[in-house]
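Colleague: Predicted coordinates and the sequence they were generated for:
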Amino acid sequence: MTASTATRRLMPLLLVNLATLLSATGNGITIVALPWLVLQQTGRATDAAVVAGAATLPLLLSSLFSGTVVDRFGRRRTSLVSDVLSALSVALIPISSATIGLSVPLIAVLAALGAVFDPAGISARESMLPAATTASGWRLDRVNSLYEANYNVAYLIGPGVGGVLIAALGPVSTLWVTALCFAGSIVTIAFLRLDGAGPPDRESRPASMWSGTVEGLKFVWRNKLLRTLALVDMAIVALYLPVESVLFPVHFADLEQPAQLGWVLMAMSVGGVVGALAYGSLAARIRRRTLMLVAVTVLGLCMVGMAFLPPLWLTLSLAVLVGLVFGPVGPIANYAMQTRSPEHMRGRVVGVMTSTAYAAGPLGYLFAGPMIDAVGLQPTFFALAIPVCVLGVACIGLPALRELDTPPVS
């Protein structure tokens, strides 16, 4: 095979990953910029939690229906439209700041609007991975490993850049960079040519948005492995996501150290990149179930360590460890969805699995913000960390996770 032929075969995989990198980097910047913007205006953790919840609550419904959108209108088209709308919604925040002014309710509404469009783009790009795998000639585990490592690179770059830009320009101006990231993703996908990325055949399209979504829900619920992974993921997201989006922003805002918040989130992503890349070779040597159990258990223990609010060097070390052990979880979940779903339903399966995680996010935020204001940061940290340790023990007894290491029934 010539170098030009090899490059041509890898091009779809490279373009999907580049678009994911740009889009997720923009979201990574937003994770730091939005809560900092609110805390700068009001100084109240509850307000930061409200905005964080507003950015995740719409994700429940939008991600639930996003897979049906992908299966009805096509993967490439959905990715393009999603990024266009996301870029516009993010740009409205600095535009509003310069014209009518910003308030917490307005920031919450604009954060919600921006979040609505993200899941469709994510589902569209993830649904392209099997076809990109076929074109490249790589193994599916290797492609999933690269994709999730790339995703973690985005959240390594995004929060770090966000923290630096907030310190230099302020949180409002920082959001312009997010809009530019989405624009870059749009340009990248515009060049993509891949089998199965265009509009689907009429025969395989969902009859309607509602019926297609119901079919996806039923499929995931009837599959023991997908159902179990979805429920475990819901619990983890509800307990852990407030740590990144509320607890750490509050902690480092109290210290007046926005850059350190970026460093901690970057440390998690560094570990995630290494863990996800390592999965490509680990999958051939270690059972996927074992990797999953280690991830949940170590996450709980690390959260307990973080709850003591230790010195920065120790917090960074725990953050790297969290990313390292959790890096393989994304590729494992992708593998389960790709091997347990038929081609014409893949968008819906990805959308449903994503929506279950988003369903838990607002619950975590609604718990964490008021509890911080009521009893303090450290007790809230322990209240989130200890249940994750219990979940890690419970996962050992879940028989469905053993199916991660058995070939799918054709």
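Modeller: Thanks, I have it.

Colleague: looking at this protein, which helix or strand is least sure?
Modeller: helix 45-73 (a mean of 76; mean pLDDT, DSSP states H and E).

Colleague: So which elements touch that helix?
Modeller: Packing partners of helix 45-73 (3 or more CB pairs under 8 Å, 6 or more residues apart in numbering; DSSP states H and E): helix 3-42, helix 75-99, helix 104-116, helix 118-127, helix 209-222, helix 224-242, helix 248-254, helix 346-375. Where you see a C-beta, it was placed from the backbone N, CA and C, and this is true even at glycine.

Colleague: Between those, which one is closest to residue 309.
Modeller: helix 248-254 (6.7 Å; CB to CB).

Colleague: Can you give the distance of that closest one from its chain's centre?
Modeller: Centre-to-centre, helix 248-254 and its host chain are 22 Å apart (CA atoms, centre = their mean, to the nearest Å).

Colleague: Low-confidence bits of this structure, can you list those?
Modeller: Applying pLDDT under 70 to the chain flags the ranges 1-6, 56-57, 59-60, 203-204, 358, 361-362, 408-410.

Colleague: among the helices and strands packed on helix 45-73, which is the most enclosed?
Modeller: Most buried of the helices and strands packed on helix 45-73, by mean neighbour count (mean count of other CB atoms under 10 Å): helix 118-127, with a mean of 29.

Colleague: Pull the residues that contact the helix or strand that that helix is followed by.
Modeller: Next helix or strand after helix 118-127 toward the C-terminus (DSSP states H and E): helix 129-136. For helix 129-136, contacts defined as CB atoms under 8 Å, 6 or more residues apart in numbering pick out 9-10, 12-13, 16, 139-140, 143-144, 147, 194-197, 334, 338, 343, 346.

Colleague: which of the residues in the next helix-or-strand element following helix 129-136 are buried?
Modeller: The helix or strand immediately downstream of helix 129-136 is helix 140-169, counting by DSSP H and E. Of the residues in helix 140-169, 140-163, 165-166 count as buried by neighbour count, 16 or more other CB atoms under 10 Å.

Colleague: Off-centre distance for stretch 160-168?
Modeller: The answer for stretch 160-168 is 21 Å, by CA atoms, centre = their mean.

Colleague: go on, stretch 396-410?
Modeller: 24 Å.

Colleague: Let me have the helices and strands packed on helix 45-73 in a markdown table, extended by distance to residue 388.
Modeller: Listed next are the helices and strands packed on helix 45-73 as a markdown table, based on distance: least, CB to CB, whole Å:
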| stretch | distance to residue 388 |
| --- | --- |
| helix 3-42 | 20 |
| helix 75-99 | 30 |
| helix 104-116 | 24 |
| helix 118-127 | 24 |
| helix 209-222 | 23 |
| helix 224-242 | 5 |
| helix 248-254 | 16 |
| helix 346-375 | 11 |
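
Colleague: Relative to residue 311, tell me which of those wins on proximity.
Modeller: helix 248-254 (12.6 Å).

Colleague: Who are the packing partners of that closest one?
Modeller: By 3+ CB pairs under 8 Å, 6+ apart, helix 248-254 packs against helix 3-42, helix 45-73, helix 258-282, helix 377-396.

Colleague: Which residues lie in contact with the residue nearest to residue 109 when sequence neighbours are not counted in this structure?
Modeller: Among residues not flanking residue 109 along the chain, residue 54 sits closest, at 7.1 Å (CB to CB, 6 or more residues apart in numbering). For residue 54, the contacting residues are 108, 109, 111, 112, 115, by CB under 8 Å, 6+ apart.

Colleague: Quick check: the gap between residue 54 and residue 108.
Modeller: From residue 54 over to residue 108 the distance is 4 Å, taken as CB to CB, to the nearest Å.

Colleague: same thing with residue 216?
Modeller: Taken as CB to CB, the span from residue 216 to residue 108 is 29 Å.

Colleague: got it, and residue 121?
Modeller: 22 Å.

Colleague: Tell me which residues touch residue 28, please.
Modeller: Counted by CB under 8 Å, 6+ apart, residue 28 has contacts 154, 155, 156, 157, 158, 159, 161, 162, 265, 269.

Colleague: for the first one, what are its contacts?
Modeller: With contacts defined as CB under 8 Å, 6+ apart, residue 154 is in contact with 20, 21, 22, 23, 24, 25, 27, 28, 269.
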